[in-house]
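> Dropping the sequence and predicted coords here.
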Amino acid sequence: MDIAIVQWANSFATHTPVVAYASVFCASILIFVLGGAAAIVVYRLPRAIRRATLIQVIAAVCIAYVVSQGIGAAAFRQRPFVRDAGVHSLITISPALKSFPSDHTPIAFAIVGALAVR
């Protein structure tokens, strides 16, 4: 089922430039925007908890990244454009890199989760 969703989204993106640009933005830049927003949130916190919150966010991101890499090594899954010749890659990325789990998702949840508990 997931390959059917990828094929549908990819065909839509290859025929609609706005969707293609939005997809590239989300895949390449959005995680950095979230990181910048988190930095602003941490900076605006009271000085007494700012450092502890920053350490908590950094630790959560590191743990999420390590867990994601571990899952990816244990259950390696090829990128959709490697598995299916009909799917066109919108970004330049090595075919040797894992597809699942995406590093963006656990890192984003780690950032938001670490800030939410404050």
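In hand now; what should we look at?

> To what extent is A74 buried, counted in neighbours?
A total of 7 residues lie near A74 under the criterion other Cβ atoms under 10 Å. For glycine as for every other residue, the C-beta is placed from the backbone atoms N, C-alpha and C.

> can you check V61 too?
If you count neighbours by other Cβ under 10 Å, V61 ends up with 19.

> before we move on, which element is it in?
Take DSSP states H and E as the rule and V61 turns out to sit in helix 47-74.

> all helices of the protein, in order?
In the chain, helices defined by DSSP state H lie at 2-15, 17-28, 30-43, 47-74, 80-83, 104-116, listed in chain order.

> mean pLDDT for these: which is lowest?
Comparing mean pLDDT over those, the weakest stretch is helix 80-83, at a mean of 62.

> burial measure for I107, as a count.
Around I107 there are 19 other residues, counting by other Cβ under 10 Å.

> An error on my part: the question was meant for I40.
As a burial measure, I40 scores 9 neighbours (other Cβ under 10 Å).

> what's the spacing between it and S23?
Relative to S23, I40 is positioned 26 Å away (criterion: Cβ to Cβ, to the nearest Å).

> now do S68
With distances taken as Cβ to Cβ, S68 is found 21 Å from S23.

> residues touching the residue of the chain most remote from its centre, list them.
Within the chain, the residue lying farthest from the chain centre (Cα atoms, centre = their mean) is A48, at 30.6 Å. Contact analysis of A48 by Cβ atoms under 8 Å, 6 or more residues apart in numbering lists nothing.

> Likewise for D103?
D103 sits in contact with Y65, S68, Q69, where contact means Cβ under 8 Å, 6+ apart.

> so how far is I31 from the last one?
Just to be clear, that refers to Q69. Separation of Q69 from I31 (Cβ to Cβ) stands at 16 Å.

> Please say which of the two ends up with more neighbours.
Just comparing Q69 and I31: by other Cβ under 10 Å the higher neighbour count belongs to I31, 17 against 14.

> could you give the angle of the helix holding V61 to helix 30-43?
Our comparison of helix 47-74 with helix 30-43, counting by axes from the mean of the first three to the mean of the last three Cα atoms, to 10 degrees, yields an angle of 150 degrees.

> Understood, closing this out.
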